[in-house]
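Peer 1: after the sequence you'll find the predicted model.
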Amino acid sequence: MLIIKKAEFLGVFVDIKLLPDEGLPEIAIVGRSNVGKSSLINKLANRRNLAKSSSTPGKTRTINYYLINEQFYLVDLPGYGYAKVSKTEKLKWNQMMENYLAKREQLRGVIQLVDIRHAPSENDILMKEWLGHHNIPILIVANKMDKISRGARQQHNSVIQKSLGMQADEHPLGFSAQNGEGVDELLAALEEILEVPENV
């Protein structure tokens, strides 16, 4: 299984022409504002403040790069669906994200993060459909698993599956940045996406 031994924050970008060009593979993380993307990155890397999370939704307005094991990048994209951002700003974010997702040759796949407690939003559904239309591999991760009882999980997962049009044999990967549930499974999935050799 993939073991993260080294993780560093590389920087923030607002222009895809200025993104790193070493050719390393990239996995992007998308999700609505405040769904916990920064917390997920920190938990995977076992670093408390590698990714700066904020109590203010919509604060991430840039493409944030994290170099993992000097082998690949986790790329945190701006959260979507935050109402208090101007239409002009939203349009700019959307164009930046679309340009990255559609044109970035280094992109190997996308982690789409949703909140296990709530049905996927219209923006979640649109993102899933858009990624599917562009044939971009998607891994649906249901975050905040610690917030609901084990007995309620199947019901919540079923809502996510149905809303996002997942196949019967497709299931969201449960995750909790609080108690570490799903970390090993997510690392294994990342390894599969990246085809990282064992024991690296």
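Peer 2: Here it is on my side, so go on.
Peer 1: could you use CA atoms for every contact and neighbour count after this?
Peer 2: Will do.
Peer 1: can you count the residues close to the nearest residue to residue 13 once chain neighbours are set aside?
Peer 2: Sequence neighbours aside, residue 63 is the residue nearest to residue 13 in space, at 5.1 Å (criterion: Cα to Cα, 6 or more residues apart in numbering). Around residue 63 sit 21 other residues, with neighbours defined as other Cα atoms under 10 Å.
Peer 1: do you know the pLDDT at residue 63?
Peer 2: At residue 63, the model reports a pLDDT of 92.
Peer 1: gap between it and residue 11?
Peer 2: Taking Cα to Cα, to the nearest Å as the criterion, residue 63 is separated from residue 11 by 8 Å.
Peer 1: where do the helices sit along the protein?
Peer 2: Along the chain, the stretches classed as helices by DSSP state H are 37-45, 87-103, 122-133, 153-163, 183-194.
Peer 1: the strand ranked longest in the chain to helix 122-133, inter-axis angle?
Peer 2: The single longest strand within the chain, with elements called by DSSP state E, is strand 107-115. Using axes from the mean of the first three to the mean of the last three Cα atoms, to 10 degrees, the direction of strand 107-115 lies 160 degrees away from that of helix 122-133.
Peer 1: quick check: the gap between the residue nearest to residue 115 when sequence neighbours are not counted and residue 131.
Peer 2: Leaving aside its chain neighbours, residue 115 sits nearest to residue 143 (5.1 Å; criterion: Cα to Cα, 6+ apart). Noted for residue 143: a distance of 19 Å to residue 131, by Cα to Cα.
Peer 1: more neighbours: those two, which one.
Peer 2: For residue 143 versus residue 131, the count of surrounding residues by other Cα under 10 Å is larger for residue 143: 27 against 18.
Peer 1: need the contact list for that one.
Peer 2: By Cα atoms under 8 Å, 6 or more residues apart in numbering, the residues touching residue 143 are 35-36, 113-116, 174-177.
Peer 1: what's the longest strand of the chain packed up against?
Peer 2: Counting contacts by 3 or more Cα pairs under 8 Å, 6 or more residues apart in numbering; DSSP states H and E, the secondary-structure elements packed against strand 107-115 are strand 26-31, strand 138-143, helix 183-194.
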